[in-house]
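Chemist: predicted model follows, preceded by the sequence.
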Amino acid sequence: MRRDILISNLVAGGLGLALLVPLGAWPLLLLGVPYVLAASTFLARAYRRETMTIRQATLVWALPGLASALLWAVLLGQIDGFGGPVLVWGAALGTGLYVGWQALALFLRTLMPKRRPVERVQAL
């Protein structure tokens with residue numbers, strides 16, 4: 001598991017979800033916290049591979065974004081009197097929030113100290 005990806009995603013997701021508290025949108029936390037935990041773990045485990053094709057990397061990065069878009073489409077569909085195409089608004093909101101979350105996580109990863117690989121010495 002890539003710890004740098006896990007930690008940066010959890011911190012970035014926590015910061016984003018913390019914005020909901022002063023807004024009084026705590027019900028969104030009930031869906032946001034499990035989503036951030038699951039997506040962060042998924043990304044950290046998926047990127048542990050040494051090599052990955054462009055198709056695999058794209059799919060790994062896009063799956064949590066698709067899940068976010070579907071989650072927002074379902075949430076918006078539950079609002080009575082919501083006007084407009086729910087899937088389009090869900091895709092726009094979910095994708096925008098996901099890209100913002102990942103951009104913040106990437107920024108946080110650049111601030112993390114780089115770990116040097118440990119040299120292993122064999123006993124004779």
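Modeler: Done, it's in.

Chemist: what is the helix or strand of the chain with the lowest mean pLDDT packed up against?
Modeler: Sorting the helices and strands of the chain by mean pLDDT, DSSP states H and E puts helix 20-23 at the bottom, at a mean of 89. In terms of contact count using 3 or more C-beta pairs under 8 Å, 6 or more residues apart in numbering; DSSP states H and E, helix 20-23 is assigned the packing partners helix 26-46. Where C-beta positions appear, they are placed from N, C-alpha and C, glycine not excepted.

Chemist: for the protein, just list every one of the helices.
Modeler: Secondary structure of the chain (DSSP state H): helices located at 3-18, 20-23, 26-46, 54-77, 86-111.

Chemist: give me whichever of these is most buried.
Modeler: Neighbour counts averaged per stretch over these are highest for helix 3-18, at a mean of 18; criterion: mean count of other C-beta atoms under 10 Å.

Chemist: now for that one, which elements pack on it?
Modeler: Taking 3+ C-beta pairs under 8 Å, 6+ apart as the contact cut, helix 3-18 packs with helix 26-46, helix 86-111.

Chemist: please save the CA atoms from the shortest one in CSV.
Modeler: In CSV, the C-alpha atoms belonging to helix 26-46 read as follows (Å, rounded to 0.1, in the frame of the first residue of the first chain):
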residue,chain,number,x,y,z
TRP,A,26,-23.5,17.0,8.7
PRO,A,27,-25.8,14.5,6.9
LEU,A,28,-23.4,14.6,4.0
LEU,A,29,-20.7,13.5,6.4
LEU,A,30,-22.5,10.2,6.8
LEU,A,31,-21.8,9.5,3.1
GLY,A,32,-18.6,11.5,2.7
VAL,A,33,-16.5,9.8,5.4
PRO,A,34,-17.0,6.2,4.2
TYR,A,35,-16.5,7.4,0.6
VAL,A,36,-13.2,9.1,1.5
LEU,A,37,-12.0,6.1,3.5
ALA,A,38,-12.9,3.6,0.7
ALA,A,39,-11.6,5.7,-2.2
SER,A,40,-8.3,6.5,-0.4
THR,A,41,-7.7,2.9,0.5
PHE,A,42,-8.5,1.8,-3.1
LEU,A,43,-6.1,4.4,-4.6
ALA,A,44,-3.3,3.5,-2.2
ARG,A,45,-3.6,-0.2,-2.8
ALA,A,46,-4.0,0.2,-6.6
